[in-house]
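Asker: I would like to see how this sequence folds:
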Amino acid sequence: MPPRDTLARVDADLAAGRVPVARQRLRGLVSSFPDDLTLRRRLAEVYRLYGEPAEAGRWMYLEQDRDAAETAAFEARYHTAPQRMRALAWRGPESLARTAFAGEQLAAVRAACSDAMGRPVDWDTVPSGEEAASGKGAFADSLTKAGCLVAILVFLSIWVNGLVALFD
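Answerer: Numbering: from 1, shown residues only. Have a look, this model is predicted:
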């Protein structure tokens with residue numbers, strides 16, 4: 001279905017008070033056309049109807065006339081660069097952005113994510129939540145593994161000691 005037809009259905013849904021249905025339709029359009037800033041703006045408007053400033057800020061993040069409070073709410077909800085990168089749901093290079101401001105925002109988020117991950121990332125290989133978390137918690141993971149190993153060794157030594165005492 002062409003975007004024009006889907007947008008007509010979105011308008012009809014909103015007129016009938018079916019806000020959740022309109023939101024789902026718009027989410028599908030943004031997923032299919034991630035570089036269309038007009039669709040992102042429409043989705044932000046629907047989230048404003050819900051009273052969700054973080055989600056409105058998410059979909060207006062690439063717009064220069066975005067609301068500062070909504071942007072702050074988005075950044076508070078998605079506080080790490082990898083989370084923001086996933087939340088923006090962009091695909092392809094920043095050069096596909098239709099405005100210079102959007103391209104700069106996308107480049108800044110990607111660069112911050114690359115810094116956080118310790119390796120270059122791009123919009124087509126956005127790190128998963130587990131991958132992003134593992135980049136920061138490698139030392140904690142090592143400590144956890146060492147603790148488990150110590151616990152297993154203690155258990156085995158108690159078991160062997162009990163076995164020796166049984167046959168003694």
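Asker: ok, and for the one helix or strand Gly28 maps to, which residues are buried?
Answerer: Gly28 belongs to helix 19-32 when assigned by DSSP states H and E. Judged by neighbour count using 16 or more other CB atoms under 10 Å, the buried positions of helix 19-32 are Ala22, Arg23, Arg25, Leu26, Leu29, Val30. Bear in mind the C-beta positions are built from the backbone N, C-alpha and C, glycine included.
Asker: helices and strands around it, which ones?
Answerer: helix 3-15, helix 37-50 (3 or more CB pairs under 8 Å, 6 or more residues apart in numbering; DSSP states H and E).
Asker: Summarise which helices and strands the longest one is packed against.
Answerer: Read that as helix 37-50. helix 3-15, helix 19-32, helix 53-60.
Asker: Which residues does it contact?
Answerer: 3, 7, 10, 14, 19, 22-23, 26-27, 29-30, 33, 53, 55-60, 62-63, 70, 98-99, 102 (CB atoms under 8 Å, 6 or more residues apart in numbering).
Asker: Would you mind checking those residues for buried ones?
Answerer: By 16+ other CB under 10 Å, those give 7, 10, 14, 22-23, 26, 29-30, 53, 55-60, 62-63, 70, 102 as buried.
Asker: What is the subsequent helix or strand relative to the lowest-mean-pLDDT helix or strand in the chain?
Answerer: Least confident helix or strand, the chain: helix 129-136 with a mean of 51, by mean pLDDT, DSSP states H and E. For helix 129-136, the following helix or strand on the C-terminal side (DSSP H and E) is helix 138-167.
Asker: Count the residues that sit near Ala112.
Answerer: Residue neighbour count, defined by other CB atoms under 10 Å, stands at 16 for Ala112.
Asker: Same question for Asp65.
Answerer: 7.
Asker: give the contact list for it.
Answerer: With CB under 8 Å, 6+ apart, Asp65 has no contacts at all.
Asker: so who does Gln105 touch?
Answerer: Neighbours of Gln105 in contact, by CB under 8 Å, 6+ apart: Tyr61, Leu62.
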